[in-house]
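K.L.:
My questions concern the predicted model and sequence given below.
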Amino acid sequence: MKRITVFLIISIFSFYMLSGCGDESKDDGKTKVVFWHSFVSSTVPALNALIKDFEEQHPHITIQAQYIPTGDALVQKLITSIQSKTAPDISWLHAHYMEDLVKADAIYKMEEFINGPNGISQEDVEDIYPALRQYASWRGTLYSIPMEATNLALLYNKDMFRAAGLDPEQPPKDWDELKDFARKLTFDKDGDGKLDQVGFFLPVYPAAGPLGAWMLWQFHPFLWQAGGYKIDLEQTHVMYNEEAGVQALTLWQEIYQDLKLSVFTSDYDVAFASKNLAMAMDGPWNLPRYEEILKGMDWAFAPLPTGPVKSATIVGGEYLAIFKQSKNPEAAWEFIKWIIEPEVQAKWAMTSGYLPIRRAVLDVPEFQEYLEENPNFKVFVEQMDVGQAERPIDFGGMEIMRHMMDAIERATLGKQDVRKALEDAAKLSNKVLNDAKAKRK
């Protein structure tokens, strides 16, 4: 009797599961698109609203958004999912992941969709900011589409400027003023030998840690402002050890040591909100959060100070790639195609705090009104005119990034001679380039 009972239970359970699976696979006739992302918590409400709008306009498609921790965790999970054949339909990517995914033959070339029956015009493609198209490509081929844009600007506390005798409407315009203001805004309030207020935060983190790439990302504008580049256009040798790199890293070293940042917290946003920090670099993604946590404080964003050669900020963002394991690539493309429409980009920018990816958004009336009502956001939009993208490194890019991060760490935390730190790193980087070149012959 026990065996019969168990058999009946198993049979009933199996029938139920099979029936349930059948119902789930139909899913009311909707096509599922699995979308992995790493947006910060303050952006998730805007993302959910975006997805809801899409699903209302495309009732035959369901977007299943799943949060994956950013950094190495995301790329490792992607690689593992490719190996286990469980990759998502779409994933949010950083540009430096592209090489590994292309080599693994894991993602589609975007031209397959752009030039397809449900494609977009070349004018639409070229309307996307060039820096973003560069990031979205590998070796000149577009493998992804940007979802949003970002750049860096200078966050500062106007009340602290007033207290230090500085004009709150005149933030530092160049490197000399940045150093001067940073010193004037740094002091020990109670005379106990410990700094209670720091003038400027530099994002110096351990090169081997999860924030090393974030440190390097913020170093790039200073390299460009001095007239330098990471690598030559032909990718034969690195250039970050040349005079511009020495100037940029010397500035960082001087500020880091003058302000005793080695004993200051790495949580710059908390320090700023706690009124222990006067200036820092940050991006538009934190604007919604700052509107909440900085209430009662007079603060603003300004363009990054100009360097010895020019004004520059770094342009970045996240990029959407469609995986070849996708069961519904056309539906995935429908979602991406919709996201880059000017009106959609305008709404996404206004609700998320990210910048639009294309120029046509500036022609949307609601967006123009939003810029006038939100001067801090307008700073970032206007900075896109001096925004630059990192020059591509087709082979060994991650290793070269680590060499640069090591040089920054050694010159700041390690107090090593700037020129030596950069030269030692460049030797390793050039070896990577030469080895990669030899393998391709």
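P.N.:
Good, I have the coordinates. Numbering: from 1, shown residues only.
K.L.:
element containing the residue nearest the centre of the chain?
P.N.:
For the chain, the residue nearest the mean C-alpha position is residue 317 (4.4 Å; CA atoms, centre = their mean). Assigned by DSSP states H and E, residue 317 belongs to strand 313-322.
K.L.:
So which bits of whatever helix or strand residue 367 lives in are buried?
P.N.:
Using DSSP H and E, residue 367 sits in helix 365-373. For helix 365-373, the neighbour count (16 or more other CB atoms under 10 Å) marks 367, 370-371 as buried. Placement of C-beta: from N, CA and C, glycine included.
K.L.:
Could you do stretch 86-96 as well?
P.N.:
Going by neighbour count (16+ other CB under 10 Å), the buried part of stretch 86-96 is 87-96.
K.L.:
and it, what's its mean pLDDT?
P.N.:
Computed over stretch 86-96, the mean pLDDT rounds to 90.
K.L.:
And stretch 398-412, by the same measure?
P.N.:
Stretch 398-412 comes out at a mean pLDDT of 97.
K.L.:
What of stretch 277-296?
P.N.:
Computed over stretch 277-296, the average pLDDT equals 91.
K.L.:
which strands and helices sit next to the strand holding residue 317?
P.N.:
Identification of packing neighbours for strand 313-322 by 3 or more CB pairs under 8 Å, 6 or more residues apart in numbering; DSSP states H and E yields strand 90-93, helix 98-103, helix 130-135, strand 145-151, helix 212-225, helix 329-339, strand 387-388.
K.L.:
For residue 356, find the nearest of those.
P.N.:
Proximity of the helices and strands packed on strand 313-322 to residue 356 was assessed by CB to CB; the nearest stretch is strand 145-151, lying at 6.6 Å.
K.L.:
Against which helices or strands is that closest one packed?
P.N.:
Applying 3+ CB pairs under 8 Å, 6+ apart, one finds that strand 145-151 contacts helix 130-135, strand 313-322, helix 329-339, helix 342-352, helix 375-383.
K.L.:
Compare the mean pLDDT across the ones you listed and name the weakest.
P.N.:
helix 130-135 (a mean of 89).
K.L.:
Would you mind identifying the next helix or strand past that one?
P.N.:
Per DSSP H and E, the first helix or strand lying C-terminal to helix 130-135 is strand 137-138.
K.L.:
quick one: strands adjacent to that following strand?
P.N.:
Applying DSSP bridges, strand 137-138 is found paired with strand 141-142 (antiparallel).
K.L.:
quick check: mean pLDDT across the partner strand?
P.N.:
Taken as a whole, strand 141-142 has an average pLDDT of 96.
K.L.:
Tell me how far residue 402 lies from residue 429.
P.N.:
Distance of residue 402 to residue 429, computed by CB to CB, to the nearest Å: 9 Å.
K.L.:
and the buried residues of stretch 86-96 as TSV, adding distance to residue 146?
P.N.:
Listed next are those as TSV, based on distance: CB to CB, whole Å:
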residue	distance to residue 146
87	20
88	18
89	18
90	13
91	14
92	11
93	10
94	12
95	9
96	14
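K.L.:
among those residues, which two are most distant?
P.N.:
89 and 96 (22.1 Å).
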